[in-house]
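Enquirer: Need a 3D model of the sequence below.
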Amino acid sequence: MYKLLRTKIKNAKKLSQSMNSISRKSTLDLTLAILIFIASFSYLYYGSKSVHFHPDEAHKISETYYYHLFFNGDVANTDWHNDFYARTNPPVGKYIMGALLDIQGHKITSLDLQCKFEALWQKPTVLLNHISTEVIFDARLISVFFGAFVCLCIYILGTFSGNQSVGTVAALLLLFNPLFKIYCSMAMTDSILMAFMTLSILISLIYIHSASKILRHAQLYSQKQIHGRLLIFGTILPGVIIALATGTKLNGALAGFQFLISAAGCAFMLLFTKKNENPIPKRYIRFLFGYAVLGVGLSIFLFISINPYLYSDAFIKLFQTLTVYKDWMQKQMLHPGEPLFLWQQKVATVVYYQFIFSELPLCIMKQSVNISLGFILFSIGLTFTVKIMWKKLKQRQLPMAEFIGLVWLTVYGIGITFWIPVTWPRYILPLSPVCSWFMALGLCAMVRSLIQIVIKIANTYRNHESIKQSAIIYAMLKMALAAIILLLLYSGFVKLESLPPRTISEFGFDKLDKLYCNKQSSEKLEANLLFNHGDLMMRSKSFDKAVSLYEQGLKLAAQEKQRKLFFIKSLSIEYKLVNTFIALGHYHQAANFLNNHIKKLSLIKEQLKTNDLKIKSEFDNLIDSRTNLLLNLRNRNSKNKPVK
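Expert: Numbers count the residues shown, from 1 in each chain. Take a look at the predicted model:
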């Protein structure tokens, strides 16, 4: 009796100590989460005071007009259908920013500001005179808040997956990313999109964790409790978050694909967990995936419900929107953006802005065009994740956090990389959290491994034992081999020479000239490489060399296999060639090229798949401006002043 009582007292003490430890850990986690959010918010808030005005800020503020229409019940207003941006830009960001401005006493009740944006977007200083700086800074608060919220989500992801240090480091790396700081300090919707897309990863992790725990101990719960929790964590919460992400920008739909793939993959892997653990009946595993499908279905319903433009013929209008967007991006590629039409360009753009851009926190190799510390750490983190996942699968355990992390990287990485149409850094911003996560994972794994090696060597010397040199050499050889393989993959897929010099101008003229020349002599001659080298010569005012390179590139682009792919890019280069001829004083050649260029622009306009008035109007304006230049070239005298 005494022994039994003593045993119970010991167990009670152990339980009490365990509960106290958990309580202390929870308090520490909560404290760190609050500190990270406050620090992130403060850093971004003070940064927003110094960020230069961007014309799109006026555009996004003008769109808050639709917040008042929607929440005042005016869903039948013709502006929902007549306004180009109301049809092509989903409304969630407009509602959120409109609500904040409304609370602060700023109401946008007409589209007057949008009309001014349309007329003055190429003159930001003039446009700034038509909008109060107070309104701009108040609108920036919403981007600051959601930027800080992304850092908080990253930290919670680390804590929830058992990698608190990884979450902390990832949040710091993300916070000190200059692109993250800039676009989370502007009155635009990019930080809102990034927040919802990152939150969907956290929701996926919570759902898989809670569902596997509940289903593994299904005998402890009633059927009502099981289905209730699956409904909340698998349908309602994900459905709302995915709808908010997609309702901010259409590429937010990647959150839905990520959630479905994560649920399907984890449901499949649960079939192979250890037999000594409580096995989950197959019917419950079907429930896990079934509720995820319902969550995506709910998100589609909510997405349509919050957008009055889709209240009738929703799916037909969605298809039309995608077609309109495709035509619109053709115009954006021609003016004002640099088009990305090759997959090599898109991959290089993502890698450059995520790892090589010299102002990034882990880019210590600023003089190297080829590699950066950030990419090395990212590769180590990716390798470490795959290794841990494989190890858990061999032990028939569920690699939940590792699998969702890989799905996060794969779905968002492939989706955004092969979608981006122009070299605008904010388009790849949703990839910054996952890249920071894997870089932090690589950094923590590397530090941990180095500490273990040092401790092992120290213990060996302390105990006067012979050092196991073979084991240490073997481990170092494995690391070196992995690094070599990653570098080979990097050099094979990441082609920085495919990017225009305007994007990678920080490397300087001499380094870029050497890069382009080396690639022209060592590889098969490519039109895009010649175009980029011509741009470099144009920037350095070596007009004769620029003309030669442009003309060679246009000849290659006109070849049968590449004609369709390079058509838009060729038009852009033709206009640059016109300006080069003007700079050289070859006005007759400039006029001939410009005449052919205008004919091709008219052909593109005729071949548009939509009859959208906004797009046709933009093409008409572009054609008119270049026609005026052509008339100016033709009507001038032989010794006239240079054409403006």
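Enquirer: Check which residues of stretch 60-79 are buried.
Expert: K60, I61, S62, E63, T64, Y65, Y66, Y67, H68, L69, F70, N77 (16 or more other Cβ atoms under 10 Å). Bear in mind the C-beta positions are built from the backbone N, C-alpha and C, glycine included.
Enquirer: export those residues to CSV and tack on pLDDT?
Expert: CSV is the format used below for the buried residues of stretch 60-79 (pLDDT from 0 to 100):
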residue, pLDDT
K60, 94
I61, 94
S62, 94
E63, 94
T64, 94
Y65, 94
Y66, 95
Y67, 95
H68, 92
L69, 94
F70, 94
N77, 92
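Enquirer: and which of these is nearest S548?
Expert: Nearest to S548 out of the buried residues of stretch 60-79 is K60 (Cβ to Cβ; 43.1 Å).
Enquirer: which ones are touching that closest one?
Expert: Counting by Cβ atoms under 8 Å, 6 or more residues apart in numbering, K60 makes contact with G93, K94, M97, A139, A187, M188, T189.
Enquirer: Could you report the neighbour count for the first one?
Expert: Yep, that's G93 we're talking about. The local packing of G93 (other Cβ atoms under 10 Å) involves 27 other residues.
Enquirer: Please apply the same query to M446.
Expert: Neighbours around M446, by other Cβ under 10 Å: 16.
Enquirer: How much space separates the residue lying closest to it once chain neighbours are set aside from V411?
Expert: Excluding the flanking residues, the one nearest M446 by Cβ to Cβ, 6 or more residues apart in numbering is I380, at 5.7 Å. For I380, the distance to V411 (Cβ to Cβ, to the nearest Å) stands at 22 Å.
Enquirer: same question, T235
Expert: Taken as Cβ to Cβ, the span from T235 to V411 is 20 Å.
Enquirer: Same check on L310?
Expert: Going from L310 to V411 by Cβ to Cβ gives 24 Å.
Enquirer: What of A211?
Expert: In terms of Cβ to Cβ, A211 sits 20 Å off from V411.
Enquirer: okay, those two: which has more neighbours?
Expert: Counted by other Cβ under 10 Å, A211 and V411 do not tie: A211 has more neighbours, with 27 against 21.
Enquirer: Where does the more buried one sit, in terms of helix or strand?
Expert: Using DSSP states H and E, A211 falls within helix 190-216.
Enquirer: buried ones in the helix or strand following that helix?
Expert: Sequence order places helix 223-231 as the next helix or strand after helix 190-216, per DSSP H and E. The neighbour-count check on helix 223-231 (16+ other Cβ under 10 Å) flags I226, R229, L230 as buried.
Enquirer: what packs against helix 223-231?
Expert: helix 190-216, helix 282-305 (3 or more Cβ pairs under 8 Å, 6 or more residues apart in numbering; DSSP states H and E).
Enquirer: Wait, D535 touches K576, no?
Expert: Yes. With contact defined as Cβ atoms under 8 Å, D535 and K576 form a contacting pair (7.1 Å).
Enquirer: between these two, what contacts are shared?
Expert: The contact sets of D535 and K576 overlap at A546 (Cβ under 8 Å, 6+ apart).
Enquirer: The two - which one has more neighbours?
Expert: Neighbour count, other Cβ under 10 Å: between D535 and K576, D535 has more, with 22 against 16.
Enquirer: now what about the helix or strand where the more buried one lies, what contacts it?
Expert: Element membership of D535, judged by DSSP H and E, is helix 527-539. By Cβ under 8 Å, 6+ apart, the list of residues contacting helix 527-539 from outside reads 342, 345, 497-502, 505, 509, 512-513, 516-517, 519-520, 523, 543, 545-550, 552-554, 556-557, 562, 566, 569, 573, 576, 579-580.
Enquirer: Now that helix: buried residues?
Expert: In helix 527-539, counting by 16+ other Cβ under 10 Å, buried: A527, N528, L529, L530, F531, N532, H533, G534, D535, L536, M537, M538.
Enquirer: Over to stretch 546-561?
Expert: For stretch 546-561, by 16+ other Cβ under 10 Å, it's A546, V547, L549, Y550, Q552, G553, L554, L556, A557.
Enquirer: neighbours around the closest residue in space to K181 that isn't next to it in sequence, how many?
Expert: Residue nearest to K181 in three dimensions, not counting chain neighbours: G47, with 5.2 Å by Cβ to Cβ, 6+ apart. The number of residues packed near G47 is 17, by other Cβ under 10 Å.
Enquirer: low pLDDT regions in the stretch 401-550 of the chain?
Expert: 457-493, 520-525 (pLDDT under 70).
Enquirer: Tell me where it has helices.
Expert: 432-462, 469-493, 509-522, 527-539, 543-557 (DSSP state H, counting those that start in this stretch).
Enquirer: where exactly do the helices run in the stretch 51-200 of the chain?
Expert: Going by DSSP H, counting those that start in this stretch, the stretch 51-200 of the chain shows helices at 55-62, 65-71, 79-82, 84-88, 92-103, 112-120, 124-128, 133-160, 164-175, 178-183, 190-216.
Enquirer: Which residues are in contact with the residue nearest the centre of the chain?
Expert: By Cα atoms, centre = their mean, the chain has its centre lying nearest to P430, at 2.7 Å. The neighbours of P430, taking Cβ under 8 Å, 6+ apart as the test, are L193, M194, M197, T198, N251, L254, Y412, I416.
Enquirer: from memory the fourth one sits against C151, does it?
Expert: So that's T198. No. The criterion here is Cβ under 8 Å, and T198 misses it with C151 at 9.5 Å.
Enquirer: hang on, the earlier thing: save the buried residues of stretch 546-561 as a markdown table, and put in distance to T246 too.
Expert: Converted to a markdown table, the buried residues of stretch 546-561 look like this (distance: Cβ to Cβ, whole Å):
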| residue | distance to T246 |
| --- | --- |
| A546 | 43 |
| V547 | 46 |
| L549 | 43 |
| Y550 | 41 |
| Q552 | 44 |
| G553 | 39 |
| L554 | 40 |
| L556 | 40 |
| A557 | 36 |
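Enquirer: now, which of the residues you listed sits nearest V407?
Expert: So of the buried residues of stretch 546-561, ranked by how close each gets to V407 (Cβ to Cβ), first place is A557, at 37.7 Å.
Enquirer: Most neighbours out of the contacts of K60, which is it?
Expert: A187 (29 neighbours).
Enquirer: Check what pLDDT that residue gets.
Expert: Note for A187: predicted pLDDT of 93.
Enquirer: cool, P178 as well?
Expert: 88.
Enquirer: go on, the one 5 residues further on?
Expert: Reading off the per-residue confidence, Y183 sits at a pLDDT of 92.
Enquirer: can you pull the contacts of it?
Expert: Neighbouring residues of Y183 by Cβ under 8 Å, 6+ apart: S143, D190, S191, P425, R426, L429.
Enquirer: what's the answer for A148, then?
Expert: So A148 contacts F37, S40, F41, L44 (Cβ under 8 Å, 6+ apart).
Enquirer: From these, which land in helices?
Expert: F37, S40, F41, L44 (DSSP state H).
Enquirer: between these, which is nearest N611?
Expert: For the ones in helices among the contacts of A148, the nearest to N611 is L44 (42.5 Å; Cβ to Cβ).
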